[in-house]
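> Curious how this folds, go ahead:
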Amino acid sequence: MSEITFDTELDCRGLNCPIPILKTKKAVDALNTGQILKMLSTDPGSVNDVQSWSKRTENMLLDHTEDGGVYSFLIQKK
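Residues are numbered from 1 along each chain as shown. Next up is the predicted model:
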């Protein structure tokens, strides 16, 4: 994970599709423009879900990594 500072963290580990992306949407909606959410997930499907959702909503996916089955995403609210 890069050295980007995030404003809030959402732990979706242990949750399966579609819950991580639904919780991500709710968390991003609560942010102010420009703020950054870090979301953690263990659902491999969350990689495609977050990428597709980010493109569709124009919220910027700044970074995503995988480490030991945990996927980390940094999303900036548009």
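> quick one: low-confidence ranges for this protein?
1-2 (pLDDT under 70).
> All the strands of it, in order from the start?
Assigned by DSSP state E, the strands in the chain fall at 8-12, 36-41, 60-67, 70-76.
> In CSV: those strands, plus distance to Leu22.
All C-beta spots, glycine's among them, are computed from the backbone N, C-alpha and C. CSV is the format used below for the strands of the chain (distance: least, C-beta to C-beta, whole Å):
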stretch, distance to Leu22
strand 8-12, 9
strand 36-41, 11
strand 60-67, 17
strand 70-76, 14
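> out of those, deepest packed?
Mean neighbour counts were taken over the strands of the chain using mean count of other C-beta atoms under 10 Å, and the top value, a mean of 22, falls to strand 36-41.
> Give me the contacts around it.
4-13, 15, 20, 23-24, 27-28, 31, 46, 50, 62, 70-77 (C-beta atoms under 8 Å, 6 or more residues apart in numbering).
> ok, Gln76 to Leu15 distance?
Counting by C-beta to C-beta, to the nearest Å, the gap from Gln76 to Leu15 is 22 Å.
> Asp43 too?
7 Å.
> what about those two, which has more around it?
Asp43 (19 against 16; other C-beta atoms under 10 Å).
> May I ask you to confirm that that one is in contact with Leu22?
No. Applying C-beta atoms under 8 Å, one finds Asp43 not in contact with Leu22, separated by 11.8 Å.
> show me the contacts for Ile21.
Ser46, Asp49, Val50, Trp53.
> Need the residues you listed in a markdown table (columns: neighbour count and distance to Gln35).
Below are the contacts of Ile21 laid out as a markdown table (neighbours: other C-beta atoms under 10 Å; distance: C-beta to C-beta, whole Å):
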| residue | neighbour count | distance to Gln35 |
| --- | --- | --- |
| Ser46 | 25 | 20 |
| Asp49 | 19 | 21 |
| Val50 | 21 | 17 |
| Trp53 | 18 | 17 |
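> Return the residues in contact with the residue nearest to Thr42 when sequence neighbours are not counted.
By the measure of C-beta to C-beta, 6 or more residues apart in numbering, the closest residue to Thr42 outside its immediate chain neighbours is Arg13, 4.7 Å from it. Residues near Arg13 by C-beta under 8 Å, 6+ apart: Leu40, Ser41, Thr42, Val70.
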